[in-house]
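In: Sequence unavailable; structure follows:
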């Protein structure tokens, strides 16, 4: 049996305490978020680059309910607990926190990261939390994903090769 990454999947309250401690210690906090439904190379590259921009990488993970609202009734493919365990097992990820809202804004306000990272497919004005992070002196970085590397495109390729038959 595989042991889960203890202490790396945090509740909001735990994350708030850790983030306050990190800020007191001068630790540079990086935050990114997403569904991370079927982990792929693009995710791994984004997380690795995000970690390189600071000392601690916090990943906000959409809950199952928020994923369904954002991506449709067929998502997520993997439940939040499984997605959190996989993310927390990555060397680049320090902590994971599942959030139930459609956006990570409340989590960003709790963490107050120094660096907010999103994929380059989002315009600066579309990045949730950008205004807040910049208001306390933080920066927003956009990461250019490789074309065709998204869970949605991956699922589309799977579906086209294995059509559903009624």
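Out: Good, I have the coordinates. Every value quoted in this text rests on a predicted model; they were computed, and no experiment measured them.

In: in the protein, what spans have low per-residue confidence?
Out: 1-5, 120-124, 145-166 (pLDDT under 70).

In: Spatially central, which residue of it would that be?
Out: Residue closest to the average C-alpha location in the chain (C-alpha atoms, centre = their mean): residue 33, at 2.4 Å.

In: On the three-state scheme, it is what?
Out: Following DSSP: H, G, I helix; E, B strand; the rest coil, the label given to residue 33 is strand.

In: looking at it, it is touching residue 63, isn't it?
Out: No. If you go by C-beta atoms under 8 Å, residue 33 and residue 63 don't touch, sitting 11.5 Å apart. Heads up, the C-betas are built off the backbone N, CA and C, glycines and all.

In: Find residues that contact each of the two.
Out: Contact criterion C-beta atoms under 8 Å, 6 or more residues apart in numbering; residues shared by residue 33 and residue 63: residue 99.

In: re the thing from before, any idea how far the residue nearest to the centre of the chain is from residue 17?
Out: Note on residue 33: its distance to residue 17, by C-beta to C-beta, to the nearest Å, is 20 Å.

In: do residue 69 as well
Out: Applying C-beta to C-beta to residue 69 and residue 17 gives a distance of 29 Å.

In: And for residue 119?
Out: Separation of residue 119 from residue 17 (C-beta to C-beta): 29 Å.

In: Have a look at these two and say which one is more surrounded.
Out: Taking other C-beta atoms under 10 Å, residue 119 and residue 17 do not tie; residue 119 has more neighbours (17 against 13).

In: mind listing what's buried in the top helix by length along the chain?
Out: Longest helix in the chain by number of residues, with DSSP state H as the criterion: helix 12-25. Neighbour counts using 16 or more other C-beta atoms under 10 Å place 15, 16, 18, 19, 22 of helix 12-25 among the buried residues.

In: Enumerate every residue touching the nearest residue to residue 56 once chain neighbours are set aside.
Out: Nearest residue to residue 56, sequence neighbours excluded (C-beta to C-beta, 6 or more residues apart in numbering): residue 94, at 4.7 Å. Residue 94 sits next to 8, 51, 56, 57, 58 when contact means C-beta under 8 Å, 6+ apart.
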